[in-house]
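Chemist: Mind folding the following:
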Amino acid sequence: MYFTGLKSTTSCIKNIFFKLLPVLVLTILFFGRSGEVKACNNSSFVINSIVDNGNGTWTYNITFTVELGSLDVSYYGSVFKFTSSSGTPTVLPGYTSPLPSGGALSSNLTGFIGANVNSQAADSDWNVYDNVTNVLSYECPDLFGCATDDFTRTFSVTVMGCVETILFDASPNSGSASCEKTLSTGLSCSTPVTPPVCGDTFYDSGGAGGNYSANEDVTYTICPVTPGDKVSLVFNTFTLQGGGACSSTANDYVQIFNGDMITDPLLGTWCGTNNPGTITSTSADGCLTFVFHSNATTQAAGYSITVTCAPPPPPPTSPCTCASGNGICGGEHFCNSSAAQSDYNNLASTVAQYDFIPDLSAANGTSYQLCYEYTTGPTETSIGFVNAIGTTGGSSCTFTRTYQVYQGTGCSSPLANTTAADFGTGFEYTVLPNTFYNFCVTITITNTSCLTIDDTYVWLYNNSPGGQGCGTCAAPCTGPGMGAVATYNDRTYLSCWEPACAIYGPTSFTNCFSATADATGFLGFANLFVQDGPSTCITKTWTLSPSGSCSTTIPNPIPNAHSVASGFNPEYSGLTPNGSYVLCVTYTLSNSSCGFLMDWAIIFV
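Modeler: Numbering: from 1, shown residues only. Just a heads-up that it's a prediction; the model follows:
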């Protein structure tokens, strides 16, 4: 930094001293030397190859030789200028840089384009090359120059737009036209065609009624006149050569880029009769770059395109913000993370999907809050929240995502998460049973490659230990689970109770069912259940109480009347004939591998 600053502040001294030095020497040697005094006039360059990239750009491979002698001013670099009769070409990033030091070159030569040209040479002799698109400079930062003798280097550079001639200024500091060399590329650039503007309708080279020509390369950069407007291309008709891949040399194609350069994000490539419809810029400058390429075979009717320019429509608002009280953007709740992950792994899942119709705009910087409402279950104390977003724009589309979980209808104090979700992108949260929550994500688009947000997915899963049985002694279960038959031998277990989510240990829970004694005061019970885990991991106990008197437990004279394996086959005698009772069975699950899935109970009288 010190030397760069020093050279810049002393550029006038440098110019005067080094430009007077040859004159002083010439004064001494005048009678002993004749001819040119600047060796850089013998510099030269050759164009090794030119590659047509088929998208309005050409890549040049160039070798140049700078010849220097003791009478030359200090060498700070060289310049290449690409010119055309049909407009000003643009040098694209990606050129060879740096050109390495070695031999007579004491420092690397760094390549610069646009506003960076002359940033190291920092010399007024270079000003003619400043801030133009068609110049590539190679510069060194050395205060007293970086070469005093001949050297040769080779580089490659890609230029957008047809180039007819290349100017090589071997040493701009020389101030001599004799150090400037020009070569023809052999390309013939057609008369410039004015790019279409807002309100125009433009056609291929065949016009409204003819076919386009072979071997065409057309590039238009179309920008709005009014700042803030966005350009749209409306394809009225579209017929190109079809078949094969649109981007290959086997086809003619149209490409559109989201901005004023072909280095901006590619919005699409179209060929055949695949009409692009309407393409609207989302770039900050509002521009689109249009590229058409035709090969040597099979010409077609081409295209008719109308250019419109207008302010961008306001981005659509989220249909499901927390504040709107319309948390519909989801979603599905699952009994556990395994069930949720199984659905998450199914890319065609629809239960967790919310499809936006129409799609949400995905302009750079746009944000949406997307919420899904859910009321926790009676034993739910921990819940997992996983989200996925579907976008168009390819893998280069990027966005940030933040999670917010709000209890109740308030939207200002999100819960803190407890840990990352078991799968996907998301978190787990501590929640209260039987409580309303808004599960929200805020999506912010972070680049210009995104086109739309198509859908959002929400997977919620119960991560709570234990679970709740059906009913209590005071309010027995009203759902299925208890059936009645005439005798023990008639049992069928047709009625069953199934928890909303499988219950896993370690925990205990109780199921209570209503039962009525027969006319003799007899009641008998049998029971089966389905479990997940070792057969001995669930134990059970039971009580029988008169309806409305839960504090009274009726003793059981015969706990296992038919010696069943489960040990549960109680029979009661001497009850109130036709009396109402409540049977409560308590299950104890010993460990986390032990799961309760389904329960059957049967009465026989």
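Chemist: contacts, neighbours, all on C-alpha from now
Modeler: OK.
Chemist: Surely Val582 touches Ser547?
Modeler: Yes: judged on CA atoms under 8 Å, Val582 makes contact with Ser547 at a distance of 5.7 Å.
Chemist: Between the two, which is the more surrounded one?
Modeler: Of the pair Val582 and Ser547, Val582 is the one with more neighbours under other CA atoms under 10 Å, namely 25 against 19.
Chemist: Tell me what the more buried one is bridged to.
Modeler: Using DSSP bridges, the beta-bridge partners of Val582 come out as Ser514, Ser545.
Chemist: which ones are touching it?
Modeler: For Val582, the residues meeting the contact criterion (CA atoms under 8 Å, 6 or more residues apart in numbering) are Cys473, Pro476, Cys512, Phe513, Ser514, Ala515, Leu544, Ser545, Pro546, Ser547.
Chemist: Nearest to Cys322, out of those residues: which one, please.
Modeler: If you rank those by distance to Cys322 using CA to CA, Pro476 comes first, at 38.0 Å.
Chemist: So what sits opposite that closest one in the bridge?
Modeler: On the basis of DSSP bridges, Pro476 takes part in beta bridges with Gly471.
Chemist: Can you lay out the contacts of Val582 as a markdown table showing pLDDT and distance to Phe144?
Modeler: As requested, the contacts of Val582 are exported to a markdown table (pLDDT from 0 to 100; distance: CA to CA, whole Å):
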| residue | pLDDT | distance to Phe144 |
| --- | --- | --- |
| Cys473 | 91 | 99 |
| Pro476 | 89 | 98 |
| Cys512 | 90 | 97 |
| Phe513 | 90 | 100 |
| Ser514 | 90 | 103 |
| Ala515 | 91 | 106 |
| Leu544 | 93 | 105 |
| Ser545 | 95 | 106 |
| Pro546 | 96 | 108 |
| Ser547 | 94 | 107 |
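Chemist: Could you identify which of those has the most neighbours?
Modeler: For the contacts of Val582, the largest neighbour count, defined by other CA under 10 Å, is 27 neighbours, found at Ala515.
Chemist: Enumerate every residue touching it.
Modeler: Going by CA under 8 Å, 6+ apart, Ala515 touches Ser580, Tyr581, Val582, Leu583, Ile603.
Chemist: what do Val582 and Ser547 both touch?
Modeler: Residues touching both Val582 and Ser547 by CA under 8 Å, 6+ apart: Cys473, Ser514.
Chemist: And the strands in the stretch 201-350 of the chain?
Modeler: Counting by DSSP state E, counting those that start in this stretch, one finds strands in the stretch 201-350 of the chain at the ranges 201-203, 217-222, 230-239, 253-257, 266-270, 278-280, 288-293, 302-310, 332-334.
Chemist: Identify all contacting residues around the fourth one.
Modeler: When contacts are defined by CA under 8 Å, 6+ apart, strand 253-257 is touched by residues 240-241, 246-247, 263-272, 288-294.
Chemist: Quick check: neighbours of it in the sheet, parallel or antiparallel?
Modeler: Taking DSSP bridges as the criterion, strand 253-257 forms sheet pairs with strand 266-270 (antiparallel), strand 288-293 (antiparallel).
Chemist: Just confirm Thr379 contacts Ser464, I think it does.
Modeler: Yes: between Thr379 and Ser464 there is a contact at 7.4 Å, judged by CA under 8 Å.
Chemist: For my notes, please list the contacts of Val582 in TSV and give distance to Phe529 for each entry.
Modeler: As requested, those are exported to TSV (distance: CA to CA, whole Å):
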residue	distance to Phe529
Cys473	20
Pro476	19
Cys512	14
Phe513	15
Ser514	18
Ala515	19
Leu544	19
Ser545	22
Pro546	25
Ser547	25
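Chemist: returning to that earlier point: closest one of the contacts of Ala515 to Leu183?
Modeler: For Leu183, the nearest member of these is Leu583. The distance, counting by CA to CA, is 102.5 Å.
Chemist: What's the separation between that closest one and Phe292?
Modeler: Counting by CA to CA, to the nearest Å, the gap from Leu583 to Phe292 is 81 Å.
Chemist: Glu180 now?
Modeler: When distances are taken as CA to CA, Glu180 and Phe292 turn out to be 35 Å apart.
Chemist: re earlier: which one of the strands of the stretch 201-350 of the chain lies closest to Phe151?
Modeler: Checked against CA to CA, the stretch from the strands of the stretch 201-350 of the chain lying closest is strand 217-222, at 37.0 Å.
Chemist: Can you name every helix or strand that the closest one contacts?
Modeler: When contacts are defined as 3 or more CA pairs under 8 Å, 6 or more residues apart in numbering; DSSP states H and E, strand 217-222 sits against strand 288-293.
Chemist: I'd like the mean pLDDT over the strand it packs on, please.
Modeler: Over the span of strand 288-293, the pLDDT mean works out to 92.
Chemist: do the same with stretch 565-581
Modeler: Within the predicted structure, the mean pLDDT of stretch 565-581 is 88.
Chemist: Next: stretch 455-462.
Modeler: Averaging pLDDT residue by residue across stretch 455-462 gives 93.
Chemist: Please state the offset of it from the chain centre?
Modeler: Counting by CA atoms, centre = their mean, to the nearest Å, stretch 455-462 is centred 19 Å from the centre of its parent chain.
Chemist: just stretch 161-169 next, same as before
Modeler: Between the centre of stretch 161-169 and the centre of its chain there are 39 Å (CA atoms, centre = their mean).
Chemist: next one: stretch 159-175
Modeler: Relative to its chain's centre, stretch 159-175 lies at 40 Å (CA atoms, centre = their mean).
Chemist: Buried by neighbour count: which residues of that stretch qualify?
Modeler: When burial is assessed from 16 or more other CA atoms under 10 Å, stretch 159-175 yields the following buried residues: 159-174.
Chemist: which of these lies closest to Ser361?
Modeler: Nearest to Ser361 among the buried residues of stretch 159-175 is Met160, at 30.8 Å by CA to CA.
Chemist: Could you pull up the contacting residues of that closest one?
Modeler: By CA under 8 Å, 6+ apart, the contact set of Met160 is Gly56, Thr57, Trp58, Pro89, Thr90, Val91, Leu92.
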